[in-house]
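> No sequence on hand, only this structure:
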């Protein structure tokens with residue numbers, strides 16, 4: 001039985017209509033159009049998403065990404081109201 005590469009596995013899942021449930025830090029940065037350096041800065045400031053560690057790998061679940069984006073939007077909205 002031949003093993004598939006990560007890209008081939010991802011393509012097979014997409015073709016089958018199966019949604020991914022988590023992403024690496026690099027994938028999260030690409031999904032949200034931010035640089036890895038900016039992501040690290042957000043993490044240092046305590047403004048990054050919750051990460052789940054699996055052995056030596058860190059992943060961000062779809063739910064944690066959504067909660068993080070919602071929190072950022074709420075913070076931006078409250079700043080806008082405070083400045084008005």
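Structure's in. What do you need? Computed from a prediction, not measured in an experiment: that's the story for all the values here. Numbers count the residues shown, from 1 in each chain.

> neighbours of residue 81, just the number please.
If you count neighbours by other C-beta atoms under 10 Å, residue 81 ends up with 8. Where you see a C-beta, it was placed from the backbone N, CA and C, and this is true even at glycine.

> Remind me what the helix or strand residue 9 falls within packs against, helices and strands.
Residue 9 is located in helix 6-15, with elements delineated by DSSP states H and E. Helix 6-15 sits against no helix or strand, with contacts defined as 3 or more C-beta pairs under 8 Å, 6 or more residues apart in numbering; DSSP states H and E.

> Give me the mean pLDDT for it.
Averaging pLDDT along helix 6-15 gives 87.

> Could you tell me how far that helix lies from the centre of the chain?
The chain centre lies 19 Å from the centre of helix 6-15; the measure is C-alpha atoms, centre = their mean, to the nearest Å.

> Ok, stretch 62-82 next?
Here the centre of stretch 62-82 is set off from its chain's centre by 14 Å, with C-alpha atoms, centre = their mean.

> Buried ones in that stretch, by neighbour count?
Going by neighbour count (16 or more other C-beta atoms under 10 Å), the buried part of stretch 62-82 is 64-65, 68.

> From the contact counts, what lies against the helix or strand just after the helix holding residue 9?
For helix 6-15, the following helix or strand on the C-terminal side (DSSP H and E) is strand 22-24. The contact analysis (3+ C-beta pairs under 8 Å, 6+ apart) places strand 22-24 against strand 57-61, helix 62-83.

> who's in contact with strand 22-24?
31, 52, 57-62, 65 (C-beta atoms under 8 Å, 6 or more residues apart in numbering).

> Just the residues contacting the following helix or strand past that strand, thanks.
As assigned by DSSP H and E, the chain's next helix or strand after strand 22-24 is helix 25-31. With contacts defined as C-beta under 8 Å, 6+ apart, helix 25-31 is touched by 23, 35-36, 38-39, 49, 51, 58, 60, 65.
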